[in-house]
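Engineer: Provided below for reference: sequence and predicted model.
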Amino acid sequence: MGLFKYAKMVSPLLEDLSTYSRDNVKADVVAGFTVGVLLIPQAMAYAQVANMPPAYGLYSSIFPTMVYALLGGSNTMNLGTIALCGLMLGEVVEEYVDDTSVNVEKTVRLAMALTFLIGSVLMVLRILRFGPFIKAYLSPALISGFQTGAAFHIFVSQLKYVMGVPRPENINGVAHIPRKIFYYFSKAPEWNWAAVLITVISMLVIFLCTAITKGNLRFGCCPGPTAAHGMSLLCGMFYWIPSRFSRAIPLPIPGELIVVLLGESLSYGFDFPDRFNISTVGNVPSDLPPIGDIDWDWVGFFAQHKYFEIVVIALITIALTLSDGKTYAEMFDRDLSLNREIATLGFINMIGPFFSSYVAGAGLSRSALACSVSDGQKITQVYSIITAILVLVMLQFFISLLSKLPQACLGAVVLMAIMGLLKKLKEGRLYWRIGKKSDFLIWCCTLLATIFIDLDWGILVGLLVTIHTVFDRLARAKLTVLGRFPETNIYVDTSLHDDAVEHRGVKIIKLDTALFFGSRERLYDFIKRIIVKNHEEHYEEQKKDTIPLHTIVIDASAVIFLDSSGISKLNSMSRELKNKYNCMTLIACASPMVQKTIIDGGFLQCQTQRPLLFPSIGDAVSAGVGAAIFYVDHPPPRAQSQRFVPRVGSEMDLFGKSNLDIALDGNTEQTTCESVIDDDHEAIPMTENANHLAVPEITVSIAKPSKPSNIGKSASLAAMSTARKNDEGTPLLFKEA
């Protein structure tokens, strides 16, 4: 393997650069500057959510972005700060720091130690190849419910900046979010109304910029998803904004950046901190991200006492990042390796703390913005490098100018960002409306646990409910009886298709789940009810239109696996049906893996050495009806109908009611032939004008044996025709076991 080819495997960016064109340059420059303008105020606001200094939000938007641009597999994903993971990290840090705004140095040390451990957990998950597991069990319903619940946590975390009220110190435990909301609103007389006004105006500016950009603010109304019904009257004041103005804007209006610049200018010009007692960002160092060490004592402490929270943050980081990556990978038909993304994410969060970067992940809003302003097919990770350079320039030359920026402005940026999370409340209604009750249960339980208990418990409850619903679906999968469409080999559910025909004496059962410890009894009970009902109808009620069931065919096309308890139950069930009801069990349409499990589990030895696995239902039915095998647990106590079958392919002439001799342990009993089964598996009564037939089955009446000593023995049994013999003059053998 050449060196350059190996380098392209390590860095997918090199593969994109090998086909780089002028169109790519244009797309990357536009996306890079647009995302960078959004990222600067957003990173500072998200750092506030994590109880970190605003500069560290910018630091965390440089190293992760640059490294992912080189190693990441997605062309649209932008790594940096994310509010949700930052919030969870900040809550852990708050437990060990009295005041994060005062003890900044300790806050940073603890955050970096936690980030290193989160990265270590991600690397372990990559080594264990947990990507498919996370994709399977962190379902969209779980993530949606968690994000919606977490929006309330983010909302509460910003109220101290928005209202100017100190954070409550002793409100923790169950339902602490509703209690904190009640606390803040009960303090309305103590609110800093200047901070509240700054927040409302800032949110209105961001809202108007977004509405104008999307073209939703036209002729005095606010249609569209971004317009709130309650603000339509307020928006009506801007009736002078023509629709052509919004269409003429080539790029999004950076409402967040406008809020930051206006907030800093007005705060500096009117001296907001002194005149209105407004809390501000404070001095921000205009330096490159400091390179430092990690406090290993705190690393060891957190590894012993906060491992559960660390694992939860790692799982959420993976889930949000992979969700973002897979969304755009599918949209633009690009391959994305889940395990590779986990490894890249783990490496970034392990090394990031040495470059002053706390926990980083993909931001869906940034990726969506990049794709909205440029062609997503033409974007490469060069745009992320441009974004990181823009943040570096901001840090080096302009960040020190934002020392008097009101924290209420950053709070407004956060509150507008979580509006998208609150919109996910509609998804719960959607799950209910489309009949996805299990998804609604997952969404609802995760949401309530996140709001009323805590973030980490929200994920745990969601996972438990998800696992429960998965096993419940497997254990309660539908069992159906199949019938054949006339004159076809198509088998369908008889409860849905009235014209489907069942074969007499054969029951075809479809199992729509895995055969494991949770579903084995359900299959056994279903088959047992069918057998018992048929037995009662034929022998006790003596219905003339029924014949004894002699074959059960299990359609295993939907069976994905069998465990040891499943194959054990299959073996014991087949023995019971054979010995008690003279009914054999055949399996059709099993996958190669399932067939191997069945064979290794001894299913073939529990009945006979002849084939019991068939590639299609039709083959299994033909083998069951024309089988060369028959079992007798004990001779019947009275005269009754039983079935005997010839060797497959045997032929004989039957005229009228032919007499048959049954050899039972060497004792001959005379019987009478009642009917035959033709090649279409239909019973034909014996008549004088019966023709030369290929006979796959004969129904006979058996009298009570003359020697009771044979009762209860499993016996070899042979049926021979006394009406006709073959060309050699020997009796035609019907049955041999």
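Structural biologist: Ah, there it is.
Engineer: how about the nearest residue to Ser565, chain neighbours excluded?
Structural biologist: Here the nearest residue to Ser565 in space, its sequence neighbours aside, is Phe517; by C-beta to C-beta, 6 or more residues apart in numbering that works out to 4.2 Å. Every C-beta, even on glycine, is put in place using the N, C-alpha and C of the backbone.
Engineer: Which strand or helix spans the one you found?
Structural biologist: Taking DSSP states H and E as the criterion, no element holds Phe517; it sits outside all helices and strands.
Engineer: Pull the contacting residues for it.
Structural biologist: Phe517 sits next to 563, 565-566 when contact means C-beta atoms under 8 Å, 6 or more residues apart in numbering.
Engineer: Closest one of these to Val156?
Structural biologist: Of all those, the one with the least separation from Val156 (C-beta to C-beta) is Asp563, at 45.9 Å.
Engineer: residues near the closest residue in space to that closest one that isn't next to it in sequence, how many?
Structural biologist: Across the structure, with C-beta to C-beta, 6+ apart as the measure, the residue nearest Asp563 apart from its sequence neighbours is Phe516 (4.4 Å). By other C-beta atoms under 10 Å, 20 other residues sit near Phe516.
Engineer: Also Ala188?
Structural biologist: Neighbouring residues of Ala188 were enumerated by other C-beta under 10 Å; the total is 11.
Engineer: At which residues are the strands of the stretch 501-650 of the chain located?
Structural biologist: Assigned by DSSP state E, counting those that start in this stretch, the stretch 501-650 of the chain shows strands spanning 506-511, 551-555, 584-588, 613-614, 640-644.
Engineer: can those go into a markdown table with extra columns for mean pLDDT and distance to Arg473?
Structural biologist: Shown next, in a markdown table, are the strands of the stretch 501-650 of the chain (pLDDT from 0 to 100; distance: least, C-beta to C-beta, whole Å):
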| stretch | mean pLDDT | distance to Arg473 |
| --- | --- | --- |
| strand 506-511 | 90 | 13 |
| strand 551-555 | 90 | 19 |
| strand 584-588 | 88 | 22 |
| strand 613-614 | 84 | 26 |
| strand 640-644 | 41 | 38 |
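Engineer: okay if I get the ones you listed as JSON lines plus mean neighbour count and distance to Tyr56?
Structural biologist: Compiled in JSON lines, the strands of the stretch 501-650 of the chain are given as follows (neighbours: other C-beta atoms under 10 Å; distance: least, C-beta to C-beta, whole Å):
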{"stretch": "strand 506-511", "mean neighbour count": "21", "distance to Tyr56": "56"}
{"stretch": "strand 551-555", "mean neighbour count": "24", "distance to Tyr56": "60"}
{"stretch": "strand 584-588", "mean neighbour count": "23", "distance to Tyr56": "62"}
{"stretch": "strand 613-614", "mean neighbour count": "18", "distance to Tyr56": "63"}
{"stretch": "strand 640-644", "mean neighbour count": "19", "distance to Tyr56": "82"}
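Engineer: Mind checking those strands for the one nearest to Cys209?
Structural biologist: Closest of those to Cys209 is strand 506-511, at 57.2 Å (criterion: C-beta to C-beta).
Engineer: The closest one relative to strand 584-588, how many degrees between them?
Structural biologist: Between the axis of strand 506-511 and that of strand 584-588 there is an angle of 50 degrees, by axes from the mean of the first three to the mean of the last three C-alpha atoms, to 10 degrees.
Engineer: Offset the numbering so it begins at 51, please.
Structural biologist: Sure, I'll start counting at 51 from here, so that last one is strand 556-561.
Engineer: Just want the angle from strand 556-561 to strand 601-605.
Structural biologist: 30 degrees.
Engineer: Within the sheet, what are the partner strands of strand 556-561, with directions?
Structural biologist: Under the criterion DSSP bridges, strand 556-561 sits next to strand 529-534 (antiparallel), strand 601-605 (parallel) in its sheet.
Engineer: who touches that strand?
Structural biologist: Under the criterion C-beta under 8 Å, 6+ apart, external residues in contact with strand 556-561 comprise 527, 529-533, 541, 543, 552, 569, 573, 576-577, 580, 584, 599-609, 667, 670-671, 674-675, 731.
Engineer: chain center to that strand, what's the gap?
Structural biologist: 30 Å (C-alpha atoms, centre = their mean, to the nearest Å).
Engineer: same question, stretch 118-128
Structural biologist: Relative to its parent chain, stretch 118-128 has a centroid offset of 24 Å by C-alpha atoms, centre = their mean.
Engineer: hey, where'd the strands end up in the stretch 301-450 of the chain?
Structural biologist: 411-412.
Engineer: ranges for the helices of it?
Structural biologist: Chain-ordered helices for the stretch 301-450 of the chain, with DSSP state H, counting those that start in this stretch as the definition, fall at 305-320, 322-325, 346-355, 357-381, 388-401, 414-423, 432-443.
Engineer: report the longest helix in the chain, please.
Structural biologist: As assigned by DSSP state H, the longest helix anywhere in the chain is helix 72-99.
Engineer: Which positions in whichever helix or strand comes after that helix come out as buried?
Structural biologist: Next along the chain after helix 72-99, taking DSSP H and E as the criterion, comes helix 104-109. If you call a residue buried by 16 or more other C-beta atoms under 10 Å, then helix 104-109 has these buried ones: 104-109.
Engineer: and if you look at stretch 430-440?
Structural biologist: 430-438, 440.
Engineer: try stretch 605-612
Structural biologist: Of all the residues in stretch 605-612, those buried under the rule 16+ other C-beta under 10 Å are 605-606, 609, 612.
Engineer: Max pairwise distance over the residues you listed: which two?
Structural biologist: So, the buried residues of stretch 605-612 by C-beta to C-beta: farthest apart are Asp605 and Leu612, at 14.5 Å.
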